[in-house]
Structures are given as structure tokens and as C-alpha cells.
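S.K.: For reference, the sequence and a predicted model appear below.
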2 protein chains.
Amino acid sequence: MGTLGNLPGILVKILPKILPVRSAHTYVRIADLKTCKQGDNVTIKGWINNARKMKKTSFVDIVDGSSAAPLQVVLGKELSASADVTFGSSVVTSGTLGSTPKGQIELRAEEYHLIGACPIDEGFPFAAKHTYSPDYLREHLHLRSRIPSFAATLRVRNAAQRAFVDFLHSRGFLHIHTPVLTASDCEGAGEVFRVRPDSDELLRGMQKEDVPQEEAFFDRRTYLSVSGQLHLEAMAHGIGNCFTFGPTFRAENNKSPIHLSEFYMLEAEQVFTSSLSDCIHLIGDMVRNVTQELLESCTEDIALCHGDSTGDLFPWLRESREFPVLTFREAVEILQKNTESLRVPIVPEEGLMKSHELFLTDFCRSPVFIVDWPHTLKPFYMRPKDTDPTLVDALDFLVPRIGELVGGSLRENDYERLKKKLPAGSEWYLSLRRFGGIPTAGFGMGFERYLQFLLNVHNIRDVIPFPRWPHSCNL
Amino acid sequence: MGTLGNLPGILVKILPKILPVRSAHTYVRIADLKTCKQGDNVTIKGWINNARKMKKTSFVDIVDGSSAAPLQVVLGKELSASADVTFGSSVVTSGTLGSTPKGQIELRAEEYHLIGACPIDEGFPFAAKHTYSPDYLREHLHLRSRIPSFAATLRVRNAAQRAFVDFLHSRGFLHIHTPVLTASDCEGAGEVFRVRPDSDELLRGMQKEDVPQEEAFFDRRTYLSVSGQLHLEAMAHGIGNCFTFGPTFRAENNKSPIHLSEFYMLEAEQVFTSSLSDCIHLIGDMVRNVTQELLESCTEDIALCHGDSTGDLFPWLRESREFPVLTFREAVEILQKNTESLRVPIVPEEGLMKSHELFLTDFCRSPVFIVDWPHTLKPFYMRPKDTDPTLVDALDFLVPRIGELVGGSLRENDYERLKKKLPAGSEWYLSLRRFGGIPTAGFGMGFERYLQFLLNVHNIRDVIPFPRWPHSCNL
């Protein structure tokens, strides 16, 4: 019960029986061994990733999820004779830090104890020194973090989440939590999930006259958000530049390697701007700065994820120029001049297909912005260009290997124009333009697509801990 | 199109027409005026919060969402005569920084232009110099960020989100995104939302044999997560200490001022620990450090939210002792000895009611941990105490004004014991204990309840931008 200080007398009389001892950290994470010296005595806790039993000695590789490389633990003759070194077991070991002939840190064990055994013949899906296909690993989502390359992905995902948030904070953007449950439908009907309580009894008890039973909880049909943009705009109209970064949902029967039913989207809104250039610069600076930072801070993890992919994946990072910007018309022209290189010819009225996007990034040898889109290809909330109202001030940001990473635009802030194209039920959105309206711009970035791009991962299901896609919602 | 550098010739020939000029920041946020000097020439953009027209001069208070206090702008005779100073309008104004007689920064305007008018008689729900009830403001969610005290709440929410994440990062915890869509049901049936695509046509097209149409998207019934804990434990069993921080859902018909249908929960899992003290210290350190930091970094915003509440809301911050810890039995004993002070007597078999929790925090004059709970009051995944298996190593962390803020426990890591009490469908959770299992502890904190506690806000609906509760899902 801590020290009791000046607590009431009666409390002191009720004799405290538990003293929450503040235990010194009893073990060191492998990643933190960098800060230790040779000869230090340390304790390590983790899982066995590999083991080699020799006559007198055993070499056991331990992973604890903190670092790309395992720690080699050396067991002398006595410990080696009795030690359980089964792959997958959890262990605690103490000893002295030394160095391998190649100069890497190793632990010379003085103590070694099993924490949790791993009876591999009772259904453990992994074995030592094996590599597994992403499809196989996905069948064992609950154990996937035990695979070093997937643990590396989780560490990079953590670092990337933080880097994007830090970047936007440094630019004065406020983090806003837009809702998952919504009565609005941002982009158009048909691709949303609908929500109701599981219990019919609850619904019957809550039902009001004239409300269908299924809608009795909120008195209206309720969906999972497909975008936080409209809600974010509402907040931006009072608190200024802001962003939202959370789960987003699409009920599309799309099993492509760049689509998920639940994915993370980073959406930002810039206030008091009438120039798409502001949005282009913000996105360009963000992607460049975050990528540079992650390549420096997560070097080993990113290398582990890249595996044997060779070549320079980010040549544009070394170049000091800004990302190129093409108008949609220019992009079409390039594609038309290169029809022989395309699997599918470009049909301008239908916009860009993924193969067209990839051709353009290959062609530019860089991420590239496409601007000045025909309004027929974009949603109602985008602002027409002053110079040509058949076009909107919209952008797609295309990156190599992935295609579209970011979409953005100036927002339609003309009250009368917006009124004409507004979907039903969005009167609140219109009224933002009526009472002290301001010009804004914004964008949305698929976070998992960024991770695919950074880590050169083919399937989006392999950069999120618990992927959901059509016919698959495991755990 | 940026500088074109070494792009392919054809791209250079397609003449770039847009040059994304990098406009220097064209205005200063009011919060950033601290870094300016008197005499500086600056431009401000924001909304009119108040205006006083005198004979020769107008004083206009501008807010832009960046600071607790508005900026006073002084319009001289000429500008004053023509200026629209209607409450709620958005404006841009430039001039020289000066100082009021009381020493506060003011702007002496040289230019002043309307951006968006605010026709207040056409339905704008707010007027100058009025204060509104929280209930009234909640009827206008999309405009609520225009109210200075709510904008302050959003800024504190942003800072608090960041402070909790930074604290856990500093302790080596990894941020993991646990899923919203789940086939698991962490705490028990009946209080969950169920999810399906909105489109029947989509479902018909996806339906497989033996699967009910409503479940055709994922081939199973799918829910919104009530807790990320079980998924977080799975990841912790490979990558170590980690946390999740995101939206969580409860389909309860509960309209209390501390319940929402969609709320944010911070959940953390500590690995390789068999002592509840580790969890107690982590929570105590976190709440103490984050609160201290926010009181220092958001002083003006917190004061604005506290309004006219008097008295010292955080006396325990000045005391160096740890938070007191009571066993459940001791807590019951205190409540029984004070029956005359309780509205409802304590019935130990039913656990603590909110009024009991508040009595205990008043009694201790501090947040307080309650530990050693009867297992009948807690869920299956909590670990029995070695010394008394009728109790579990669980904690509730109670805070003044709110009651339960955090719940946590050691996790049941004994394979055979867990097997006996496991709910159906959670075999994957059991298998974490089978293959290299480890002892872990963890907790979950309601983020909005923390904000209520920090900001002394009565209703939880007023610390989240878009609150959802029974019969209410606006926007």
C-alpha cells in the first residue's frame, strides 16, 4: 500500500497488507544491449529462435521482439547438458556480455531457465531455420509476431505512425478523433458496412414508434466511416489545421493486394488556403521527411523486410528536386504516346488504372503528382478550377510499386455551387460554408500502402497485424 | 511542375504548365504571436468572436483555434467605418503588433478583409457574448469547434493523446493497431455491435453455401471490438511490451455521463511480469507524469475548461507518495464502517457502485488502487492469486469525480486452468499459453474519462468531437 502519508486514521488502522515494491527492471531488452558494456552482467528474457548443440557448448539465439538481430547466448558444458533449447520456448538467462569472434555481442550464460515450453509436435506451426510464405503466416495471425521479419514490420509500423504524427504536429496540425460510427456516407452509397446491436432484445426494448427495429439503437441507419474528411472539415472550421489517423472501412468485394476491408487512413485538412500548391508541398515534404527519417531510424528492420530485394528503392530521396507534377491531360498524353508499353490502353473518361499509374512512376523514375482532373472523375466536394470549371483542383500522388498513395483537393467552398451538388443528409456540411466559411484543402493517405511502398511488401495483408478482407476476419 | 531535373526528354517536351510555387507562410497563428516582437508586421486569419464599435475605432476579437485567448485587433477610423465586424465572420487582417494598456498583444490593423460572411439571422446558432449549455452546443456538433472552450478541449485532447503515447514509447512500449472488426467477443455476449455490408446485392453475390446471407462478407458473424486486449496479448507474445489506443464500442443502452457507445481506450500489455506491482507502478507513473505535463503545457486551455470551478483539483500531484492501494476487502470494510454516509449500502457480492468508488477517493483524498478482487466479479482471463485462488490479481484504479478510470490484471497464463474457463472460439488465445507462453499483465484506460477527470467535465459527451450514445448518432 505505498507509504501512507497523511491518510485518514481509519485507513491507517485497516492495516495495509500489500506493499507495491518498485522492482528494479529485472531484465534488459536485446535492443538496449547497445548501451551496455562488455563484462556487464545482464538478464535477458525471450524466445529461442535457433540453437546449435555442440559437444561441450550450446549456442542459443534468443529474440525478444525488440531488435532485428537475435542475441547469441553461449551455454557452457554444465548448463548445456541440462538446458531445454527447443525452438519457440520462452527462457530467462543471465550472464556476462562478451563478444563473438566477428565482434558481435553475445551473452555467456551463468543461469538459464525455461519459462514456457514449446511442444512443437503438438501443433506449433513454425520450426527453426525455416522461412514461410506470407500466405502460410497469415493462417497463424496470433503467432505471426514470433516471426522476426513480421516483428520488424510491426516495429516499422510503430515508428511510421509516430513519424507521420510528429511531422504533422511540427507543422501545427491538431490530432482530431473523427468518429467510426456515422450517419453520413462520404463518398457515395453501396460500399459501406452497416451497424446494429447484436441483441434483438436490446433493440426491442429501445424501439420508438416509426423507427425500424434494426435502427432502434440510434434511431437511424448507422455505418462505419469510409473517411473522416467531412467531420474533419467541420472541426477545421473552428480549430484550424488538423488531421485524423484511424481505422476506415470499405465493404468492397475486392481482394487485390492493395485493398483491405479495414485499413488506416491519415487525413489532413489545411485551412485558409486557395492554392493546391500548399497541399502538394505538404504531402511532398511529409513523404520525403518521414521516409528519410525511417530509413535512418529503422535501418536494420527495413533491411530485414526488404529481404533479398536488390537495388535502390528510393533514388528520388537523394535528389534535391521537388516531386514532378503532371496535369491529368499531360499524363494521358504520355500514356497515349506509349500505348505499345501498356497492357491496357488509356481511356481518359475512365481515369487511370493501376497499370497506368505504375507506368507513370516508372516513366518519371519518381513519385509524381497528377493534378487538374476532369470533375466527372472526382467526388462532389472538390473545387472547380477558376480557369476551367470542367476540371477540379484535385491531386493524386502516385508512388512506384503501389500506384495511388494519396488523394487530395481544394474543397468546394462556394455555398451556392455546393448546394447544387450536395448529397441528401449533408446539410450540416453545407452550413460550414454559410456561416464564416473559409477556403480549405486536404488529403487522405492509405497508411498500409505507405508501408508497402516503404517495405517493398507485395500484399497489404502483411503490413497490418490483423488484416480483414472479403471472406476473412480471423480472430 | 517543380524543377524537372533529369526527367526523360519526352516529359520535358510535354511542357509543364503548373509550377507549384512554395508560398511563404502567409499568416501567423495567434498562438505563435508569442514568438513575434512589438512592431512586427503580421497577417492573421480567423473568426470574429466579439466586436466593440466606438466612434472612431473598432476593437475586434479574433479567434483562430490555436489559443485560449482571442487576439484584439484595433481598426482605425477609416477601416472601422467600412468593416464588417459581424460575430462569426471569417476575416484576414494585417498590421503592426502593439500592446494594450494591460500589456497584452494587440494588432493595429492596416488591412482588414472579409473572407466569409456570417448571416446570423439565417440560422447561425451562436451569438456574441453568450454562453451556452453543453446540451445546446451538442445540438450543433459541426459548429462546436467555433466555441472557445470546446476548441480548448480539442487542444487538450490532442496534447493528452500525444502525452500518453510519448510516455509509453519512453518506457519501450510499441504502438500496435488492434482491429475494430473482430470475430472474437472479449468480455461476454450481448453488449456488442454487429456489422454487415449495407448492400444486399453485394451479399447475394458473395454468399457461399451454408453461410447465412447476412454473414456472407466474412463468412461469419462479425462484431465491433469491445477491447483490443486479447489481440494485443497475441502480439505481446512476440514483440514484447505494447499498447493499443483507438476506438472501442459498447452496444449498451446506458446514457450515463461516463458512458459512450464509441469511446477511446488506451490498453497496454507488459510482458515477463508475474507481479501486479509492475502494473500498479506503470499506471501510477503514467497518470502522474501525463497529468503533470498537461497542467504545465496546456495551462490556459485547462483553466478555460475548468471555468469557475474553484479549489485544487489535483492535490495529490504535490505529494511525493505513491497512490494508496487497498484490497477489495479493505475497501468493503471502509464502506461498511461508513454506511451512514452512503446513499446505497455496499453489497460485496455485487462489487463497487460508482457512489462507492467516489466515497473511497474522497476518503483517501487521492486516486486509489483496489486490488485482490473476488474472481466472481472479474472476467475469465484474470489470474488467480497464488495465496488465495478465490481472488484474482486484478486492480481497479479509481479517481476523484469519475470513479473507475483504469482496470487491469495479471493474465491467466496457466494453460490447464485457462482451458477450463475459456469461452468458445478463443482457442487461438489459449494456444498463446501452449507454445512458449509467458506471464503478462495489462490494463485498459478510458481516454474520455481521463479527460473528464483532467478538465472537470461532467458529461463524457463533451470531451469527444462526435459523441455517440443511445438514440444519438448525429453527423
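M.R.: That came through fine. Computed from a prediction, not measured in an experiment: that's the story for all the values here.
S.K.: show me the contacts for the residue in the stretch 51-200 of chain A that chain B sits nearest to.
M.R.: When distances are taken as C-beta to the nearest C-beta, the stretch 51-200 of chain A reaches nearest to chain B at A:S145, 2.8 Å away. In this view, the C-beta of every residue, glycine as well, is placed from N, C-alpha and C. A:S145 makes contacts with A:65, A:151, A:154, A:465, B:234-239, as judged by C-beta atoms under 8 Å, 6 or more residues apart in numbering or on different chains.
S.K.: Now, of the residues you listed, which are buried?
M.R.: Buried subset of these (neighbour count, 16 or more other C-beta atoms under 10 Å in any protein chain shown): A:65, A:151, A:154, A:465, B:234-239.
S.K.: Mind checking which of those land in helices?
M.R.: Using DSSP state H, the subset of the buried ones among the contacts of A:S145 located in helices is A:151, A:154, B:234-239.
S.K.: Can I get these in JSON lines including distance to A:E78 and pLDDT?
M.R.: Shown next, in JSON lines, are those (distance: C-beta to C-beta, whole Å; pLDDT from 0 to 100):
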{"residue": "A:A151", "distance to A:E78": "32", "pLDDT": "98"}
{"residue": "A:L154", "distance to A:E78": "37", "pLDDT": "98"}
{"residue": "B:A234", "distance to A:E78": "36", "pLDDT": "98"}
{"residue": "B:M235", "distance to A:E78": "36", "pLDDT": "98"}
{"residue": "B:A236", "distance to A:E78": "33", "pLDDT": "98"}
{"residue": "B:H237", "distance to A:E78": "30", "pLDDT": "98"}
{"residue": "B:G238", "distance to A:E78": "30", "pLDDT": "98"}
{"residue": "B:I239", "distance to A:E78": "32", "pLDDT": "97"}
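S.K.: Let me have the residues you listed in a markdown table, adding distance to B:G46 as columns.
M.R.: Output for these, formatted as a markdown table (distance: C-beta to C-beta, whole Å):
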| residue | distance to B:G46 |
| --- | --- |
| A:A151 | 47 |
| A:L154 | 42 |
| B:A234 | 47 |
| B:M235 | 44 |
| B:A236 | 46 |
| B:H237 | 50 |
| B:G238 | 49 |
| B:I239 | 45 |
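S.K.: Excluding chain neighbours, what is closest to the residue of the stretch 201-350 of chain A found nearest chain B?
M.R.: Distances between the stretch 201-350 of chain A and chain B by C-beta to the nearest C-beta are smallest at A:G238, namely 2.8 Å. Closest residue to A:G238 apart from its sequence neighbours, by C-beta to C-beta, 6 or more residues apart in numbering or on different chains: B:S145 at 2.8 Å.
S.K.: is it fair to say that neighbour lies in a helix?
M.R.: Yes - according to DSSP: H, G, I helix; E, B strand; the rest coil, B:S145 belongs to a helix.
S.K.: so how far is B:T178 from it?
M.R.: Using C-beta to C-beta, to the nearest Å, one gets 29 Å for the distance from B:S145 to B:T178.
S.K.: Strands of the stretch 301-450 of chain A, start to end?
M.R.: A:325-327, A:368-374, A:391-399, A:403-410, A:440-446 (DSSP state E, counting those that start in this stretch).
S.K.: and if you look at the stretch 151-300 of chain A?
M.R.: Going by DSSP E, counting those that start in this stretch, the stretch 151-300 of chain A shows strands at A:174-175, A:181-182, A:193-197, A:222-224, A:242-249, A:262-271.
S.K.: can you redo those as JSON lines with mean pLDDT, mean neighbour count and distance to B:E262?
M.R.: Below are these laid out as JSON lines (pLDDT from 0 to 100; neighbours: other C-beta atoms under 10 Å in any protein chain shown; distance: least, C-beta to C-beta, whole Å):
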{"stretch": "strand A:174-175", "mean pLDDT": "98", "mean neighbour count": "22", "distance to B:E262": "17"}
{"stretch": "strand A:181-182", "mean pLDDT": "97", "mean neighbour count": "22", "distance to B:E262": "5"}
{"stretch": "strand A:193-197", "mean pLDDT": "96", "mean neighbour count": "23", "distance to B:E262": "10"}
{"stretch": "strand A:222-224", "mean pLDDT": "96", "mean neighbour count": "23", "distance to B:E262": "10"}
{"stretch": "strand A:242-249", "mean pLDDT": "98", "mean neighbour count": "25", "distance to B:E262": "11"}
{"stretch": "strand A:262-271", "mean pLDDT": "98", "mean neighbour count": "24", "distance to B:E262": "15"}
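S.K.: out of those, nearest to B:P374?
M.R.: strand A:193-197 (29.6 Å; C-beta to C-beta).
S.K.: Walk me through which strands that closest one pairs with, and which way each runs.
M.R.: strand A:222-224 (antiparallel), strand B:193-197 (antiparallel) (DSSP bridges).
S.K.: which outside residues touch it?
M.R.: By C-beta under 8 Å, 6+ apart, strand A:193-197 touches A:181, A:203, A:214-215, A:217, A:221-224, A:249, A:251, A:261, B:192-198, B:224, B:251.
S.K.: Same question for stretch A:431-440.
M.R.: With contacts defined as C-beta under 8 Å, 6+ apart, stretch A:431-440 is touched by A:233-234, A:236-237, A:269-274, A:410-411, A:413-415, A:418, B:45, B:47-48, B:88-90, B:115-120, B:122-124, B:142-143, B:146.
S.K.: go on, stretch A:104-111?
M.R.: A:33, A:41-42, A:44, A:69, A:71-76, A:79, A:92-100.
S.K.: Could you tell me which of the residues you listed belong to strands?
M.R.: Mapping those onto strands (DSSP state E) picks out A:41-42, A:44, A:71-75, A:92-99.
S.K.: Make sure A:C118 is actually in contact with A:A127.
M.R.: No - if you go by C-beta atoms under 8 Å, A:C118 and A:A127 don't touch, sitting 10.5 Å apart.
S.K.: Go through the contacts of A:S145 and say which is closest to A:S320.
M.R.: A:L154 (32.9 Å).
S.K.: wait, what's in contact with that closest one?
M.R.: Per C-beta under 8 Å, 6+ apart, neighbours of A:L154: A:145, A:465, B:174, B:176, B:235, B:239.
S.K.: Would you convert these into CSV that also reports distance to B:M54?
M.R.: Converted to CSV, the contacts of A:L154 look like this (distance: C-beta to C-beta, whole Å):
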residue, distance to B:M54
A:S145, 67
A:P465, 62
B:L174, 59
B:I176, 59
B:M235, 64
B:I239, 65
